[in-house]
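Asker: need a structure here:
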Amino acid sequence: MSERIWLIVPAAGRGRRMGAERPKQYLTLAGASVMARTLARLHRAFPEARLCLCLDAEDAWFSPTMVPFADWRRVEGGAERADSVVNALDALAEEAANDDLVLVHDVARPCVHPADLARLREALVGEPVGALLASPVADTMKRADAAGRIVATEPRDGLWHALTPQGFRYGLLCRALHHARATGVAVTDEASAVEALDLAPRLVAGRRDNLKITHPEDLALAAQILAAQEAPACSGETPA
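Answerer: Sure thing, here's the model as predicted:
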């Protein structure tokens, strides 16, 4: 029997930094919404998964036609990403087993490559702590003061950009996020909550074109990435 997989996609954000008339997940990307593009990528890799889509209670832009999954549900999003994920986990409490695999993916990452999703899934087989897609830092890292002046150049050895999806067992992720909430730990992603339990998730090298759409110029870049990924020369599995 294949392992049961739950997908959680937080999509309750307003995307104010985009300066658009609608949340960024509903902006048009290559003929479809960003959300539709992201969910299509996930469905391509995990067609059997069960989806929890975390949406704002007053979301007027969402349409069920954006969802390709047969088994999915809408969950009310929270004020922060971690709140949305906790809401989704709580909604699954009567159905999910502690050992079920939960993958959390940013709705604003429509360029995640199918080969990376397959690589992450393979890495999670028998992995008790969890794993996430990530890419090694390639740029020189500067630390700045409040005035925006450099105070130090940080060594980049061992530094990685955390990407998504991030995958953990249901029971562990519930424990980590509830522990973080109870102890006041700042949670920037699911891995940081698991780290707060003195556990070390595994980093799985992924492509650097797993772009998170945040600023206006990212939308055009994402369109170029999607087009390039569909080109035969870019369809291999080697991380970019």
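
Asker: what number of residues lie near the residue lying closest to Tyr26 once chain neighbours are set aside?
Answerer: Leaving aside its chain neighbours, Tyr26 sits nearest to Trp61 (4.2 Å; criterion: Cβ to Cβ, 6 or more residues apart in numbering). The C-beta positions use only the backbone N, C-alpha and C, and glycine is treated the same way. Using other Cβ atoms under 10 Å, the number of residues around Trp61 comes to 14.

Asker: Equivalent analysis for Gly184, please.
Answerer: For Gly184, the count of nearby residues is 6 (other Cβ under 10 Å).

Asker: which phi and psi does it have?
Answerer: phi 80, psi 20 (degrees, to the nearest 10).

Asker: And it, how far from Leu177?
Answerer: Relative to Leu177, Gly184 is positioned 13 Å away (criterion: Cβ to Cβ, to the nearest Å).

Asker: same deal with Met18?
Answerer: When distance is defined by Cβ to Cβ, Met18 is 27 Å away from Leu177.

Asker: the more surrounded of the two?
Answerer: Neighbours around Met18 and Leu177, counted as other Cβ under 10 Å, are more numerous at Leu177. The numbers are 23 against 20.

Asker: Would you agree Phe62 is in contact with Leu55?
Answerer: Yes: in this structure, Phe62 is within contact of Leu55 by Cβ atoms under 8 Å, at 5.7 Å.

Asker: okay, these two: which has more neighbours?
Answerer: Taking neighbours as other Cβ under 10 Å, Phe62 and Leu55 compare with Leu55 leading, 21 against 18.

Asker: all helices of the protein, in order?
Answerer: Secondary structure of the chain (DSSP state H): helices located at 34-45, 81-91, 114-124, 170-183, 190-195, 216-230.

Asker: quick one: buried residues of the last one?
Answerer: Translated: helix 216-230. Buried residues in helix 216-230, defined by neighbour count with 16 or more other Cβ atoms under 10 Å: Asp218, Leu219, Ala222, Ala223, Ile225, Leu226, Gln229.

Asker: Over to the third one?
Answerer: By neighbour count with 16+ other Cβ under 10 Å, helix 114-124 contains the buried residues Ala115, Asp116, Leu117, Arg119, Leu120, Arg121, Ala123, Leu124.

Asker: Please report phi then psi for the residue nearest to the spatial centre of the chain.
Answerer: Computing the C-alpha centroid of the chain and ranking residues by Cα atoms, centre = their mean puts His105 first, at 2.4 Å. Backbone torsions for His105, taken as degrees, to the nearest 10, come to phi -130, psi 140.
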